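>>> have a look; sequence and predicted model below, questions after that.
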Amino acid sequence: MLLPELADKIVREVRKLIGEEIIVVNTDGEIIASTNQERVGAFHEGAQIAVKTKKKLVISERDTARLKGVKAGINLPIFFQHDVIGVIGITGDPETVTPFAEIIRKMTELFISENYYAEQFDWHLRAMESFVMEWVQAKELSASLKERARMLAVDPERERTAVIIEFARIEPLTRDVWAAIFQSLSKNKHDVAARSGNERVILLLNRTERREIKKRLELFLHFLKTSFGITAVAGVGQLCASWDIRRSYRQAERALKIAQRRGLIVFDEELTLEMISGELSAAVKSEFIERTIGPILAEKELMETVQELFRQNHSLKRTAETLHIHINTLHYRLKKVEELTGLDSGNIHDLLCLYMAVLFLEE
């Protein structure tokens, strides 16, 4: 069915090509859009004839006396998937407007087709997003989820790995960009890809080796960067049964938090200390920071020294070189850290406390 909103768009587009009065009529003969607003809602007998015969109808000045609601011009049936869904009319001298008629009809039908497939794409995007978000949070694979999976052509019984890709941008992406993104991701027919808001994509990959997942994600992140200037990172969960996909998704979320700091791609199975930190609340982390490195948070020089020490894997020599200070100066600063915090970087327990505090702070 041809809706008035779409009919208005057609009128605006056609008006760019020809300066004559344009009307769009539905299959009941009612004018639903026009360059002349006074005609909207009126009955057009000529258009009704064009709908029934499925042929163009040329209306002369003489015809205006016998046909209701018409003006001289030409009326062309609009086809979509072999059915007439409306009529586009061009008012004016038939001999003048006829040369434009077929071009305008084709342009209108193309516009309708593009609009239809765009709406289908948007619907599928929303439906898949809703389904996947419910699936990755569900405690079991219910009958209703299985039915929705069937409607979306998703096999819900396969083992899968959850992946979350996050874009480092705020402005909304266009439909064309989203279409290119999902086309790039549709390499395996058993994989599931869904949008999550405007800044994330969720992938539920069919059983795939880690090496292959990494390769695919690296290629995809490169595609985003080179094609659209989008920088992205990814967190990858572990392979789980379909009914337990929630666990893989939570692992992917945990890995994504680390990827946000490190950049690029992080696999959950690589995490060690981060597994523990990911389970702690922000309040606990904040209190831990205060109890350990709280006394030196305002000491910029000391904080930079401690952070660089961990970046250099506790190598005093490399830390001093990177900070461009003498090794004795480094020892002095670390002694100052110990005096203020009570934590000795030469003691394994205290060193771990310092490291965890810096880790939480960087989060």
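Looks like it came in fine.
>>> mind giving me the packing neighbours of the worst-scoring helix or strand of the chain on mean pLDDT?
Across the helices and strands of the chain, mean confidence by mean pLDDT, DSSP states H and E is lowest for helix 273-279: a mean of 73. Under the contact criterion of 3 or more Cβ pairs under 8 Å, 6 or more residues apart in numbering; DSSP states H and E, the helices and strands touching helix 273-279 comprise helix 245-262, helix 348-362. No exception for glycine: its C-beta is placed from N, CA and C like everyone else's.
>>> how about the nearest residue to residue 230, chain neighbours excluded?
residue 224 (4.2 Å; Cβ to Cβ, 6 or more residues apart in numbering).
>>> please read the previous query as pertaining to residue 301.
Nearest residue to residue 301 in three dimensions, chain neighbours excluded: residue 333, at 6.9 Å (Cβ to Cβ, 6+ apart).
>>> that older thread, highest average neighbour count across the helices and strands packed on helix 273-279?
Here the criterion is mean neighbour count by mean count of other Cβ atoms under 10 Å, and of the helices and strands packed on helix 273-279 the winner is helix 245-262, at a mean of 20.
>>> from the middle of its chain, how far away would that one be?
Remark: helix 245-262 is offset 18 Å from the chain centroid, using Cα atoms, centre = their mean, to the nearest Å.
>>> who touches whatever helix or strand comes next after it?
Next in sequence after helix 245-262, counting helices and strands by DSSP states H and E, comes strand 265-267. Surrounding strand 265-267, the residues in contact under the criterion Cβ atoms under 8 Å, 6 or more residues apart in numbering are 210, 214, 217-218, 221, 233-236, 255-256, 258-259.
>>> okay if I get those as a markdown table plus distance to residue 161?
Compiled in a markdown table, the contacts of strand 265-267 are given as follows (distance: Cβ to Cβ, whole Å):
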| residue | distance to residue 161 |
| --- | --- |
| 210 | 9 |
| 214 | 11 |
| 217 | 11 |
| 218 | 16 |
| 221 | 17 |
| 233 | 17 |
| 234 | 12 |
| 235 | 11 |
| 236 | 7 |
| 255 | 11 |
| 256 | 14 |
| 258 | 17 |
| 259 | 15 |
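>>> and which of those is nearest residue 290?
Nearest to residue 290 out of these is residue 258 (Cβ to Cβ; 23.0 Å).
>>> which outside residues touch stretch 88-107?
With Cβ under 8 Å, 6+ apart, stretch 88-107 has contacts from 10, 13-14, 17-18, 20-25, 44, 46-47, 56, 58-60, 71-76, 78, 108.
>>> let's see the helix or strand where residue 52 lies as CSV, backbone CA atoms only.
Remark: residue 52 resides in helix 45-53, with elements defined by DSSP H and E. Output in CSV follows, covering the C-alpha atoms of helix 45-53 (Å, rounded to 0.1, in the frame of the first residue of the first chain):
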residue,chain,number,x,y,z
GLU,A,45,-11.5,9.3,-11.9
GLY,A,46,-8.7,9.2,-14.5
ALA,A,47,-6.3,7.6,-12.0
GLN,A,48,-8.9,5.0,-11.0
ILE,A,49,-9.2,4.1,-14.7
ALA,A,50,-5.4,3.8,-14.9
VAL,A,51,-5.4,1.5,-11.9
LYS,A,52,-8.1,-0.8,-13.4
THR,A,53,-6.6,-1.0,-16.9
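>>> pull out the buried residues from that helix.
Judged by neighbour count (16 or more other Cβ atoms under 10 Å), helix 45-53 contains these buried residues: 45-51.
>>> how about those residues in JSON lines, adding pLDDT and distance to residue 299?
Formatted as JSON lines, the entries for these read as follows, by pLDDT from 0 to 100; distance: Cβ to Cβ, whole Å:
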{"residue": "45", "pLDDT": "94", "distance to residue 299": "87"}
{"residue": "46", "pLDDT": "93", "distance to residue 299": "85"}
{"residue": "47", "pLDDT": "93", "distance to residue 299": "81"}
{"residue": "48", "pLDDT": "93", "distance to residue 299": "84"}
{"residue": "49", "pLDDT": "94", "distance to residue 299": "87"}
{"residue": "50", "pLDDT": "93", "distance to residue 299": "83"}
{"residue": "51", "pLDDT": "93", "distance to residue 299": "81"}
